[in-house]
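J.: Here is the input, now give the coordinates:
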Amino acid sequence: MHSIYERIEYLIKRQGLTKKAFSEQLKISTGNMGDWKRGKSTPGTHKLIEIAAFFDVSLDWLILGKQNANTLKESGEDYFFGQIRQPNCQTDELLPKEKEFIKEYIEFTNYRKHKANGDGSL
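T.: The predicted model follows:
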């Protein structure tokens, strides 16, 4: 599987879905799917994140094909640690103010997610 579309197609088949059912669930037009298949375009970042979450696979595998298909999902501990879950590679580079901003952003994102789901609690 050399393209993003081929990996998406593989996941659709593996899940036992039709392309139409997959497109409807993720609100993807058949025109977009066709463009992806022909290599005319690729899914945007937000859609790639949605697709990876839908199939429970890593973005590395979905975008680059970097893992074998039997171990598609990475463990979160490879990339993140600690209470605010910042990338390991940037611990020395972030200032306390930046760390606080990230923490607040994560809290805000969780709030929006719960609000969108109609769940008033955090």
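J.: Quick one: neighbours of Ala52, just the number.
T.: Ala52 sits with 20 neighbouring residues when counted by other Cβ atoms under 10 Å. Every residue, glycine included, has its C-beta placed from N, CA and C.
J.: Show the contacting residues for it.
T.: Contact partners of Ala52, counting by Cβ atoms under 8 Å, 6 or more residues apart in numbering, are 58-59, 62.
J.: roughly how far apart are it and Trp61?
T.: 8 Å (Cβ to Cβ, to the nearest Å).
J.: what do you get for Lys27?
T.: Counting by Cβ to Cβ, the gap from Lys27 to Trp61 is 23 Å.
J.: Equivalent analysis for Pro43, please.
T.: Using Cβ to Cβ, we find Pro43 at a distance of 14 Å from Trp61.
J.: just Leu95 next, same as before
T.: Relative to Trp61, and taking Cβ to Cβ, Leu95 is found at 33 Å.
J.: Compare those two (neighbour count), which wins?
T.: More crowded of Leu95 and Trp61, by other Cβ under 10 Å: Trp61, with 21 against 8.
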